[in-house]
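*Asks:* Model the structure of this input:
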Amino acid sequence: MEAERTDDLRTFPDRVLAMQAAVAAAWKAPLAAVTIAQARVEAHKLRVTARCYGFPDVGRAAGVIEELLATMLDERRESSTGDWSDIEAALAEATAAAHRPPAGKPAGATSPLAPPTSYTERPRLLLVDADQEFLRSVRETGAERLIDVVTATTPDEALQKAEAVRFDAAIIAVLPGPDGLSFQLARRLGRLRGSEHLPIAFVSESRDIHDRVAATRVGSSLYLTKPMDAAAVTAALFHLTTIPRLGKPRILILDDDADAAHVFATLLRAAGMRVTIHLDSTLILDVLAKARPDLLLLDLSMPTVTGLDVCRVLRQTPSWKDLAIVFLSGQADLRTRLQAFQAGADDFVEKCGPAEEIVARVRRAVDRAISFKEVSGKDALTGLWLRTRFMEELSPRIREARRHGRPLTLVVLDVDHFKAVNDAHGHLAGDQVLVGVAARLRRWFRAEDILARWGGDEFMLALPGQTPENAASVLGRLLRELELNALEGDFGAALHVTFSAGAAGFPADGDSLDALFEAADRRLYLAKRAGRARAVAAG
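*Replies:* Residues are numbered from 1 along each chain as shown. Here you go, the predicted model:
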């Protein structure tokens, strides 16, 4: 094994050169999605393997390149000079780091070249507080909900850990004193590469309005007040770690003026939102069923069916009565505004208003809409449970299985090559894949089974009374159905997708959620490694 590692280390700089060549090809043809996608694949492969070879700096640089290229693909535009400048700088960093001596063996690895032992990453949260009892309580709550909570007692310790490990979110205690060390820490965390949009919450025993104001000024997502019971901690962990993993907010623009629609779409995409445009208001119900947006940006003046008509129709349609709706209009007189709000609008913006105000109003409305969906516990896109509600439903089922000696199976399921679907067909097609898979899961499984969207393209199933072998058999039949019947994408395109799954059973594979998840996740990895499009129930 040592001889193999030496040979791989000698050729490792060549891997960096392969990524450089792919990026150079993409730079020469910046409008060609294929070359950008190829470069992104090379960056992804280098990011994943660099750490195994002991080159974490190369991995971090490759990760930056991968994210920048992914943004280019997502936005479907020619990248700006600034994007390529950032990529060029990251390439230089990767090249220099590849020629430095490798770091030691990564902690916890069985060998430098060993593959990962799991496929599904748990959310990782940084908790900064000197209160040991609070640290313990949040750690335990996180463990029960499959969230890894890493603790630190000082800002310096927290920063050191954040520089070594990437986090999905952070909770920071407000430290007493005039120096504002907690808020300084938030700013420093936000300046770390890869943590620019880190969701941050603050927690304090004080109700001082000045601390709350300071928290808003550093971009906090939540302000929490001690003491916190388990339900409050659970809600905070869910808000910070689960909602961001479900993807960017989905915005549908309905406007018969194509030029104006594209202007607003560009603004919102630059603000990190996924935008779909539609020009015909008479087809709005069909379009909503496909796009399933978090917010509708609606032009007021359209022929035949006006924006006011659309809003009134949606407010009396059970499926869409709670959809966030923001009106766009060139008219801003009092009568027009009153009509919009009487029709059921959540907000109203002028088309000729400042771009910053339009983005801010849309962002506020979509954030409120997402917060409302958190309370319901259901994913707006698929209609399945979200993580917290899944846990609430599963806990008594495990207790019942333990009490009566009945089997229970946990399944972790992941759509194969989902990013490739997004890259080739767009995010709307990706959403339609998730909706289609969710619909088939509901059809193939029983009413008493618990189905959840875990995050991104991942699903979690809990099947009371079933063994892993039973679950794998049902999933195998579902896979055959998907092979014979493609999902319908945008504009009627046929989307052929499969999934991989790992199943673990109570009590043979463990008597706790954590143990079952570890076993199911390990088998999901085995399914991926064996060629995907299968369910693994042993190993």
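
*Asks:* Okay, and Val275 sits in which element?
*Replies:* strand 274-278 (DSSP states H and E).

*Asks:* Low-confidence stretches in the stretch 1-150 of the chain?
*Replies:* 1-15, 29-32, 44-45, 47-54, 74-83, 99-121 (pLDDT under 70).

*Asks:* got it, and the stretch 201-350 of the chain?
*Replies:* Residues of the stretch 201-350 of the chain that meet the criterion pLDDT under 70 lie in 243, 245-246.

*Asks:* What segments of it are helices?
*Replies:* 209-217, 230-241, 258-270, 284-291, 307-315, 334-343 (DSSP state H, counting those that start in this stretch).

*Asks:* so can I have JSON lines of those helices showing distance to Lys248 and mean neighbour count?
*Replies:* From N, CA and C alone the C-beta is placed, and that goes for glycine too. Listed next are those as JSON lines, based on distance: least, C-beta to C-beta, whole Å; neighbours: other C-beta atoms under 10 Å:
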{"stretch": "helix 209-217", "distance to Lys248": "22", "mean neighbour count": "14"}
{"stretch": "helix 230-241", "distance to Lys248": "16", "mean neighbour count": "19"}
{"stretch": "helix 258-270", "distance to Lys248": "9", "mean neighbour count": "16"}
{"stretch": "helix 284-291", "distance to Lys248": "13", "mean neighbour count": "17"}
{"stretch": "helix 307-315", "distance to Lys248": "22", "mean neighbour count": "19"}
{"stretch": "helix 334-343", "distance to Lys248": "26", "mean neighbour count": "15"}
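
*Asks:* so which of the ones you listed comes closest to Glu93?
*Replies:* Ranking these by proximity to Glu93 (C-beta to C-beta) places helix 258-270 first, at 25.6 Å.

*Asks:* Val174 contacts Ser206, doesn't it?
*Replies:* Yes. Counting by C-beta atoms under 8 Å, Val174 touches Ser206, with 6.8 Å between them.

*Asks:* which one of the two has more residues nearby?
*Replies:* Val174 (23 against 12; other C-beta atoms under 10 Å).

*Asks:* Quick check: closest non-adjacent residue to the more buried one.
*Replies:* The spatial neighbour of Val174 that comes closest, neighbours along the chain excluded (C-beta to C-beta, 6 or more residues apart in numbering), is Ser204 at 3.8 Å.

*Asks:* Quick check: the one you found touching Leu175?
*Replies:* No. Applying C-beta under 8 Å as the test, Ser204 and Leu175 come out as separate, 9.0 Å apart.

*Asks:* Is Ala447 in a helix, a strand, or coil?
*Replies:* coil (DSSP: H, G, I helix; E, B strand; the rest coil).

*Asks:* Now do it: how many residues are near it, please.
*Replies:* Quick note: Ala447 (other C-beta under 10 Å) scores 5 neighbours.

*Asks:* swap in Arg397?
*Replies:* 19.

*Asks:* Would you agree it is in contact with Pro464?
*Replies:* Yes. Using C-beta under 8 Å, Arg397 is in contact with Pro464, at 5.1 Å.

*Asks:* Where does Arg193 sit, in terms of helix or strand?
*Replies:* Per DSSP H and E: nothing holds Arg193, as it lies in no helix or strand.

*Asks:* Tell me who's in contact with it.
*Replies:* Contacts for Arg193 (C-beta atoms under 8 Å, 6 or more residues apart in numbering) come out as 60, 64.

*Asks:* how close does it get to Gln160?
*Replies:* Using C-beta to C-beta, to the nearest Å, one gets 15 Å for the distance from Arg193 to Gln160.

*Asks:* Next: Phe499.
*Replies:* 39 Å.

*Asks:* same thing with Ala270?
*Replies:* For Ala270, the distance to Gln160 - C-beta to C-beta - is 33 Å.

*Asks:* same thing with Glu356?
*Replies:* In terms of C-beta to C-beta, Glu356 sits 36 Å off from Gln160.

*Asks:* starting at the chain centroid, how far to stretch 398-412?
*Replies:* Stretch 398-412 sits 29 Å away from the centroid of its parent chain (C-alpha atoms, centre = their mean, to the nearest Å).

*Asks:* ugh, wrong one, I meant stretch 396-415
*Replies:* Taking the mean of its C-alpha atoms, stretch 396-415 sits 26 Å from the chain's own mean (C-alpha atoms, centre = their mean).

*Asks:* Ok, stretch 310-327 next?
*Replies:* 26 Å.

*Asks:* Show me where the stretch 1-150 of the chain has its strands.
*Replies:* 124-128, 148-152 (DSSP state E, counting those that start in this stretch).

*Asks:* most tightly surrounded among these?
*Replies:* strand 124-128 (a mean of 24; mean count of other C-beta atoms under 10 Å).

*Asks:* Tell me which strands that one pairs with, and in which orientation.
*Replies:* strand 148-152 (parallel), strand 169-173 (parallel) (DSSP bridges).

*Asks:* Comparing Phe499 and Gln160, which residue is more hemmed in?
*Replies:* With neighbours defined as other C-beta under 10 Å, Phe499 and Gln160 compare such that Phe499 has more, 26 against 12.

*Asks:* quick one: the more buried one and Val415 touch, right?
*Replies:* Yes. Using C-beta under 8 Å, Phe499 is in contact with Val415, at 5.2 Å.

*Asks:* hey, what's in contact with both of these two?
*Replies:* Contacts common to Phe499 and Val415, judged by C-beta under 8 Å, 6+ apart, are Val437.

*Asks:* quick one: Asp131 and Phe499, what's the gap?
*Replies:* Asp131 is 43 Å from Phe499, by C-beta to C-beta.

*Asks:* for Asp521, same thing?
*Replies:* In terms of C-beta to C-beta, Asp521 sits 15 Å off from Phe499.

*Asks:* go on, Pro56?
*Replies:* For Pro56, the distance to Phe499 - C-beta to C-beta - is 32 Å.

*Asks:* just Ala343 next, same as before
*Replies:* With C-beta to C-beta as the criterion, Ala343 and Phe499 are 41 Å apart.

*Asks:* what does the domain assignment say about the protein?
*Replies:* 2-98, 124-241, 250-376, 387-536 (automatic domain parsing).
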